[in-house]
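Asks: Just a sequence and a predicted model for now, questions to come.
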Amino acid sequence: MTDRSDSNPRSAAGVEALLPPETARACEAAGTAKAARDAVSLAVLGVLAGAFIAFGALFMTVVVTGSGDLPWGVARLLAGLAFSLGLILVIAGGAELFTGDCLMIVAAASRRITVAALLRAWGLVYAGNVIGAVATAALVFLAGQHGFAGGAVGRTALSVAAAKAALPTVQLFFLAVLCNVLVCLAVWMALGARSTAGKVLVIVPPVAAFVAAGFEHSIANLYFLPYGLAIKEWAGPGFWAAIGQTAADYPALTVAGALHNVAVATVGNLIGGSLMVGAVYWFVYLRRRS
């Protein structure tokens, strides 16, 4: 096995991560490579990322079920730690996530890719994310997971989805902006990490923070909301009897409410990630070279 430190003086000196200017160049190169991928590859990698984020959302739903006796902040922290599985799978597995790919703005600002190429990549990845997240929600519903723990898991999923569908537009927008600031910071730091373990370590805290804080992630919501809607519409009478509720107890959880949430959260995520992280780092580290 080749010792990489022999050819990298920074590694030999014990530096285990790229410095911020080097991370900026790595981000630029990554964005250029993403834009050069063929449409099928981008879409399929997008499907994988949507499914991976859905797995993180599923894990979070199970973890917070029955956590009502814990202090609210502790329960939210546990939710965030569980949800970080999603972005870990995306980064370590090499999938393409729209919210993380907002950092492709760095390559566009450096004129390494065109605006058309940027929009093409975003569109293909987003479409793939939608398919992956919604399909995973359908599979989880068909698996009957909402009936676990005497229906408690399904009740948690309904509560999460209903709360998201009820968010007013302005609040939802800013929650989404803040969310993708943290997501893109996690992706940015992962670009600078040299090992899988290092990437995991830098991903978990920002992701746990945004979930604990109640921020809104558009791709995660493409799992939470369809899953909640599926339970509301198609769960059997035994489920409702088990949790002592009816579908009428969730009036805010509608298709219109779900579409509103995803649309506004997508715009907020795009602004938070591309302008408040990617564009800022490009301005600081790459604008003179460009």
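Replies: Structure's in. What do you need?

Asks: Please make it C-alpha for all contacts and neighbour counts, starting now.
Replies: Noted.

Asks: Is it correct that residue 252 falls within a helix?
Replies: No: with DSSP: H, G, I helix; E, B strand; the rest coil as the criterion, residue 252 is located in coil rather than a helix.

Asks: List the contacts of it.
Replies: By C-alpha atoms under 8 Å, 6 or more residues apart in numbering, the contact set of residue 252 is 162, 163, 165, 166.

Asks: what's the burial count for the last one?
Replies: Think residue 166. Neighbour count for residue 166, taken as other C-alpha atoms under 10 Å: 18.

Asks: thinking it is in contact with residue 256, fair?
Replies: No: using C-alpha atoms under 8 Å, residue 166 is not in contact with residue 256; the gap is 10.5 Å.

Asks: quick revisit: can you redo the contacts of residue 252 as TSV, where the extra columns are pLDDT and distance to residue 176?
Replies: TSV is the format used below for the contacts of residue 252 (pLDDT from 0 to 100; distance: C-alpha to C-alpha, whole Å):
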residue	pLDDT	distance to residue 176
162	98	17
163	98	15
165	98	14
166	98	14
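
Asks: before we move on, which element is residue 201 in?
Replies: Residue 201 is part of helix 196-212 when elements are defined by DSSP states H and E.

Asks: chain center to that helix: distance?
Replies: 12 Å (C-alpha atoms, centre = their mean, to the nearest Å).

Asks: quick one, phi/psi of residue 193?
Replies: phi -80, psi 150 (degrees, to the nearest 10).

Asks: That one: neighbouring residues, count only.
Replies: When neighbours are counted by other C-alpha under 10 Å, residue 193 registers 20.

Asks: Need the nearest residue in space to it, chain neighbours excluded.
Replies: Leaving aside its chain neighbours, residue 193 sits nearest to residue 17 (4.8 Å; criterion: C-alpha to C-alpha, 6 or more residues apart in numbering).

Asks: can you pull the pLDDT of that neighbour?
Replies: The model reports residue 17 with a pLDDT of 83.

Asks: didn't residue 115 look like it was pressed against residue 108?
Replies: Yes: using C-alpha under 8 Å, residue 115 is in contact with residue 108, at 6.4 Å.

Asks: who has more neighbours, those two?
Replies: The residue with more neighbours, out of residue 115 and residue 108, is residue 108; 21 against 14, by other C-alpha under 10 Å.

Asks: Could you check what's spatially nearest to the more buried one, not counting adjacent residues?
Replies: residue 114 (6.0 Å).
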